[in-house]
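Chemist: this is a predicted model, with the sequence first.
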Amino acid sequence: MEVARVEAAGNNRGLFHHWHDPDPHSLGASALEFLHCLHGPTCIHLTGNDSSRCRAMATLMHGNEPGGLYALFELLRLGLRPAVNMLCFIPSVDAAKQAPGFVYRMLPHCKDLNRCFVPPYGATEVDHLAREMMELIASARPECVVDVHNTSGSSPSFGISTIMEPRNAALVSLFTHRMIVTDLRLGSLMERTHADMPIVTVECGGAEDRESALLAGEGLTRYFTFENVLDASPADMSLEYFHHPMRLELAEGGEIAYGEHNLLQDGVTLLPSVENHNFGHVGTDTLLGFVAGSLEDNLRVRNGNGAAAVGDYFRLAEGRLYPRRKLKLFMVTTNPEIARKDCMFYITELS
Ligand SMILES: [Zn+2]
């Protein structure tokens, strides 16, 4: 495997390795081989037809979300010249490489990289990686950034922006027709969006879903090849918007299980079928699962201002968990570890 052109970062001994215009024959025969060509966090630089402009993308921010990497691998293999210079960040290579590959969101005992992009910065290697990525982006001055993810469960695709701006919407519309505008602040890359550099997250759907691979491939091809990616008119986009989602989280130290009946003495058991409600409506009689103990001791609802009253959105009837009002659910996970460390799902109120 040709790796000679993967250089360590400049003289400040950065964490990112830099690879300039990789030879399409040097990438390995599969995305997994391509991953193993990389020596750690990598930034691939591609020269575009118009090298006075630049765009950036990131993928594999989470090691178990390979959709964007598959799509990038296919584009690199075609040797296709992008419309403008491209900066392609592949940060969580080490987590993704852990056998059997693309299983770990992050390395054990490490922070979630996509929670480290806003101050105050910590001092771990993950914090340094986030900071270095922002410095590389700042010095390249891309016209926009797209951060490509997969959802942790099976899900339709959607884009996320922290601001309601036409240029952010135009970026999302290259990939999908659902757009979430969130006021939740978690420390993710897209929170660094500003007027001169729109940044959005694209969730391509579940890593296992065939549709997500197609969507990532088509979206990224548009992002690479379109002369202009920021000027789509609202009429052309026909986006469906979801405003101000809230997160349903486990209370600190809480337990979670998935099953058809209550599995815990103390904690939350969700029905595995909650995943089927992704982007669907749930009413006040939709059983979501079971809670042993009180609602408030087990669950938290978080909105853009902090905590919301969990009892405003959910209710318990003899230990059975129902919505208190009509809700739309998305990013539903059935992975207990993600539910514990991140959240169970997001909700928006239906008007
Ligand atoms: Zn992710």
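Modeler: On my side now, so go ahead. Quantities reported herein were computed from a predicted structural model and do not represent experimental measurements.
Chemist: now the stretch 251-351 of the chain against the ion: closest residue?
Modeler: When scored by CB to the ion, the stretch 251-351 of the chain has residue 342 as its residue closest to the ion, at 9.3 Å. In short, each C-beta sits where N, CA and C put it, glycine included.
Chemist: that residue: neighbouring residues, count only.
Modeler: 18 (other CB atoms under 10 Å).
Chemist: quick one: contacts for it?
Modeler: 112, 152, 249, 333 (CB atoms under 8 Å, 6 or more residues apart in numbering).
Chemist: if you rank those residues by neighbours, which is first?
Modeler: residue 152 (25 neighbours).
Chemist: circling back to that earlier point, export the contacts of residue 342 as a markdown table, with columns for pLDDT.
Modeler: Output for the contacts of residue 342, formatted as a markdown table (pLDDT from 0 to 100):
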| residue | pLDDT |
| --- | --- |
| 112 | 94 |
| 152 | 80 |
| 249 | 96 |
| 333 | 90 |
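Chemist: in helices, which of these fall?
Modeler: Mapping the contacts of residue 342 onto helices (DSSP state H) picks out no residues; all lie outside.
Chemist: list just the nearest of those to the ion.
Modeler: residue 152 (7.6 Å).
Chemist: the closest one - nearest residue in space that isn't next to it in sequence?
Modeler: Spatial nearest neighbour of residue 152, excluding adjacent residues (CB to CB, 6 or more residues apart in numbering): residue 333 at 4.3 Å.
Chemist: the one you found contacts residue 346, doesn't it?
Modeler: No - Residue 333 is beyond contact range of residue 346, at 10.2 Å (criterion: CB atoms under 8 Å).
Chemist: how is this structure carved up into domains?
Modeler: 6-243, 246-349 (automatic domain parsing).
Chemist: regarding the closest residue to the ion within the stretch 101-250 of the chain, what is its secondary structure?
Modeler: Per CB to the ion, residue 149 is where the stretch 101-250 of the chain lies closest to the ion, at 3.5 Å. When classified by DSSP: H, G, I helix; E, B strand; the rest coil, residue 149 comes out as strand.
Chemist: contacts only, for residue 343.
Modeler: Contacts of residue 343 (CB under 8 Å, 6+ apart): 247-250, 302, 331, 333.
Chemist: ok, now with 10 Å
Modeler: By CB atoms under 10 Å, 6 or more residues apart in numbering, residue 343 lies in contact with 152, 184, 186, 246-250, 300-302, 331-333.
Chemist: tell me which residues touch the spatially closest residue to residue 201 that is not a sequence neighbour, please.
Modeler: Leaving aside its sequence neighbours, residue 201 sits nearest to residue 160 (CB to CB, 6+ apart; 4.3 Å). Contact analysis of residue 160 by CB under 10 Å, 6+ apart lists 147, 149, 168, 172, 178-182, 184, 188, 190, 200-203, 242, 245, 331, 346.
Chemist: go again using 6 Å as the cut-off
Modeler: 180, 182, 201 (CB atoms under 6 Å, 6 or more residues apart in numbering).
Chemist: make TSV from those residues and add neighbour count and distance to residue 49 to it.
Modeler: Shown next, in TSV, are the contacts of residue 160 (neighbours: other CB atoms under 10 Å; distance: CB to CB, whole Å):
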residue	neighbour count	distance to residue 49
180	24	33
182	24	34
201	26	27
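Chemist: of all those, which comes closest to residue 276?
Modeler: Nearest to residue 276 among those is residue 180, at 19.3 Å by CB to CB.
Chemist: wait, what's in contact with that closest one?
Modeler: 158, 160, 242, 245.
Chemist: gap between it and residue 138?
Modeler: 26 Å (CB to CB, to the nearest Å).
Chemist: quick check: residue 240 vs residue 177, distance?
Modeler: Taken as CB to CB, the span from residue 240 to residue 177 is 6 Å.
Chemist: check residue 241 too.
Modeler: Taking CB to CB, one finds residue 241 at 10 Å from residue 177.
Chemist: which stretches of the stretch 101-250 of the chain have low pLDDT?
Modeler: Applying pLDDT under 70 to the stretch 101-250 of the chain flags no residue at all.
Chemist: give me that answer again for 80
Modeler: 153, 233-236 (pLDDT under 80).
Chemist: what parts of it come near the ion?
Modeler: residue 149 (CB under 5 Å from the ion).
Chemist: tell me which stretches of the stretch 101-250 of the chain form strands.
Modeler: Assigned by DSSP state E, counting those that start in this stretch, the strands in the stretch 101-250 of the chain fall at 145-151, 158-161, 178-181, 199-206, 240-243, 246-250.
Chemist: closest to residue 97 out of the ones you listed?
Modeler: strand 145-151 (17.0 Å).
Chemist: what's near enough to touch residue 129?
Modeler: Taking CB under 6 Å, 6+ apart as the test, what residue 129 contacts is 15, 41, 91.
Chemist: let me know the secondary structure of the nearest residue to it once chain neighbours are set aside.
Modeler: Excluding its sequence neighbours, the residue lying closest to residue 129 (CB to CB, 6+ apart) is residue 15, at 5.2 Å. The three-state assignment at residue 15 reads coil, by three-state DSSP.
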